[in-house]
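Student: next comes the sequence, and after it the predicted model I'd like to discuss.
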Amino acid sequence: MRAVDLIQKKRDGLELTTEEIQWLIDGYVDGSVPDYQMSALAMAIYFKGMSTREISDLTMAMVHSGEEIDLSAIAGVKVDKHSTGGVGDKVTLILAPLVASFGVPVAKMSGRGLGHTGGTLDKLESIKGYQIEISQEDFIKQVQETGVAVIGQSDNLVKADKLLYALRDVTATVDIIPLIASSVMSKKIAAGADAILLDVTVGEGAFMKNIEDARVLARTMVDLGKAVGRKTVAVLTDMSQPVGTSIGNRLEILEALEILQGNGRADVTEFICELAQIMLSLANVEKTVEEVCQHIENGAALKKFEEMVVAQGGDLEDLYRPVQVSNQVDVLSDEDGYIVGLPALEFGLFAMRIGAGRAVKTDDLDYETGIVFHKKVGEAIAEGEKIATIYANENISENMLTNFKKNVKIDKVSVKTKEIIEIIS
Ligand code: URA
C-alpha cells in the first residue's frame, strides 16, 4: 500500500477499507507514514467525512496502537467520564469523588488543557505534591483502597492519538467529528472502564458550535462505545459561558472545594449531581438527584476528594490556601441591566494570556492566575457592581480591561440558561 493512494481515495470521497485504516495508523505510529501525509489525510476527512464503519475501524486501530488497561482487579462496575473540552470546567474534580462516595469505583485518566480550554490534570497539579504519574499497579491499588484516582494518561495508551492530536492541533483539523469521536473513544476504550459518561460541550467555547453537530458527535461516540460492549451515555452541555464562576487552575480547585463543601452555586452543584446520577445509574446504582446531592451536604464527597488528594501525595494544607498573586483587578459594570453573554472562548483566551493556560504544549503555566466571575448569564447587574475579579501576576493594561469588558454582554432583558441541553443514550 502507498499512503498517497489512500489520501487520494479519501480525497475523492471513497471509503477506506479496514485494512487500509489499520495500515495507515500502524504506519503513522512506526514513523513510516510521515506527518505531512497524515495531515493531508486529516484534511481530506474534514472535507469528505467517514462512514460509521470507517470511524469504528479507525477507533479500534487507535485503541490497538498502545497498551490497554485491565481494570478487572477492581471490584464493581468501573465508570469513566470524558468531556470534549471547555472553559472553567472543574466538573471532574467534584464528580469523581461524588460518584466514588457511593461505593462506585472511579479510575480516571485525565488530560491537560490547550489553548482556551483547561485540563483537569493541570488543576490537580496546582495542589502541592499531587502526583499525576502513577504506575498502573499503584493506580489500581489506589482505586481498590480509596475508590477513586485521577491520574495522567500513560504514555503507552493510544499512541496514535498522542501523535495525531498534536498534529491536528497545528493543522486546523481538530474540529472534525470522525476524528474527535475516534480520539475520545479510543482513549476511553483503552482505559478499561465498563461504562462511560460523555460530556459533549456545545457552544462558542466548545469544538461543537451548534447543537446539530454536537448531537451527531454524541450519537457517533455512544454507538462506538456500545459496539464494544461499554455502556455509554452522552450529555450535551452548554459551553457558551464558562462553567461555574472561575477560570484558572488554583481558582478552580478552590471553587471545586466550595462546591464540595456545599457552598457552591446552586446551578453548578445541581448540574454535577445530575451527571453523578447518570454515572451511578450506569453502574446500576439508582439514586434521585436529591439523594446524590446529600453526599455533598453531608461532606461524604469532600472526604473522598481529600482522601484522593492525600493518596496521590497532595498537601491538604496547601489545598485550602487562597491564590497568591501580585495583582487583583475588579471589573465593574458601567451600566444597569442583565448579563446576557460571557463568551467562554474569549474569557478562556484571556485567562490563557495571563498564564492560566497554554498557547502551545511547551508553555509553562502560572497556577495562581485567572478570573472569578461574580455574575453569570441571566443575572441582574447594577452600574458600579463587580462583574469579575482578575487574578494576575502582571499589570492589567487599560486596553486589556477594555477588551475584557467588551466581551461582557449586558442588556435590559434577561435570558435563561440551561446546563444540560440533552441526554443521548
Ligand atoms: N478531546 C479529545 O480527547 N480529542 C479530541 O479530538 C477533541 C477533544
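Tutor: Cool, the structure landed. Treat the numbers as computed from the prediction; the structure is a model and nothing was measured.
Student: for the closest residue to residue 257 other than its chain neighbours, phi and psi?
Tutor: Distances taken as CB to CB, 6 or more residues apart in numbering put residue 320 closest to residue 257, at 6.8 Å, once the chain neighbours are dropped. Heads up, the C-betas are built off the backbone N, CA and C, glycines and all. When read as degrees, to the nearest 10, the backbone of residue 320 gives phi -90, psi 0.
Student: distance check, residue 320 against the ligand.
Tutor: Distance, residue 320 to the ligand, using CB to the nearest ligand atom, to the nearest Å: 31 Å.
Student: now swap in residue 149 and tell me
Tutor: Separation of residue 149 from the ligand (CB to the nearest ligand atom): 19 Å.
Student: name the helix or strand for that residue, please.
Tutor: Residue 149 is part of strand 148-152, with elements assigned from DSSP states H and E.
Student: what's the following helix or strand after that strand?
Tutor: Following strand 148-152 in sequence order, the next helix or strand is helix 159-169 (DSSP H and E).
Student: which single residue of the chain ends up nearest the ligand?
Tutor: residue 183 (3.5 Å; CB to the nearest ligand atom).
Student: let me see the contact set for that residue.
Tutor: 62, 161, 164, 165 (CB atoms under 8 Å, 6 or more residues apart in numbering).
Student: can you list the residues that contact stretch 344-357?
Tutor: Contacts with stretch 344-357, where a contact means CB under 8 Å, 6+ apart, come from 86-88, 113-118, 203-206, 239-242, 247-249, 251, 358-359, 363, 365-367, 369-371, 390, 392-394, 396, 400, 403-404, 407.
Student: may I see the PyMOL selection of the buried members of those residues?
Tutor: Buried members of those, defined by 16 or more other CB atoms under 10 Å, are picked up in PyMOL with:
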select buried, resi 86+87+88+113+114+115+116+117+118+203+204+205+206+239+240+241+242+247+248+249+251+358+365+366+367+369+370+371+390+392+396+400+404
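Student: next to the ligand, which bits of the stretch 251-400 of the chain? Give me the list.
Tutor: By the rule CB under 6 Å from any ligand atom, no part of the stretch 251-400 of the chain lies against the ligand.
Student: ranges for the strands of the stretch 251-400 of the chain?
Tutor: 327-332, 337-341, 370-373, 380-381, 386-392 (DSSP state E, counting those that start in this stretch).
Student: deepest in the core, which of those is it.
Tutor: The highest average neighbour count among the strands of the stretch 251-400 of the chain, using mean count of other CB atoms under 10 Å, belongs to strand 370-373 at a mean of 26.
Student: which other helices and strands contact it?
Tutor: The contact analysis (3 or more CB pairs under 8 Å, 6 or more residues apart in numbering; DSSP states H and E) places strand 370-373 against strand 246-247, helix 249-260, helix 344-351, strand 386-392.
Student: pairing partners for that strand, with directions?
Tutor: Sheet pairing for strand 370-373, assigned by DSSP bridges, gives strand 246-247 (antiparallel), strand 386-392 (antiparallel).
Student: how long is stretch 169-181 end to end?
Tutor: By CA to CA, to the nearest Å, the extent of stretch 169-181 from end to end equals 15 Å.
Student: how far off centre is it?
Tutor: Chain-centre distance of stretch 169-181: 16 Å, with CA atoms, centre = their mean, to the nearest Å.
Student: so what's residue 15 closest to, chain neighbours aside?
Tutor: That would be residue 51: by CB to CB, 6+ apart, it lies 5.5 Å from residue 15.
Student: surely residue 308 touches residue 148?
Tutor: Yes: using CB atoms under 8 Å, residue 308 is in contact with residue 148, at 4.9 Å.
Student: which residues are in contact with both of these two?
Tutor: Joint contacts of residue 308 and residue 148 (CB under 8 Å, 6+ apart) are 96, 97, 100, 142.
Student: take those residues and lay them out in a markdown table including secondary structure and pLDDT.
Tutor: Shown next, in a markdown table, are the shared contacts of residue 308 and residue 148 (DSSP: H, G, I helix; E, B strand; the rest coil; pLDDT from 0 to 100):
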| residue | secondary structure | pLDDT |
| --- | --- | --- |
| 96 | helix | 98 |
| 97 | helix | 98 |
| 100 | helix | 98 |
| 142 | helix | 98 |
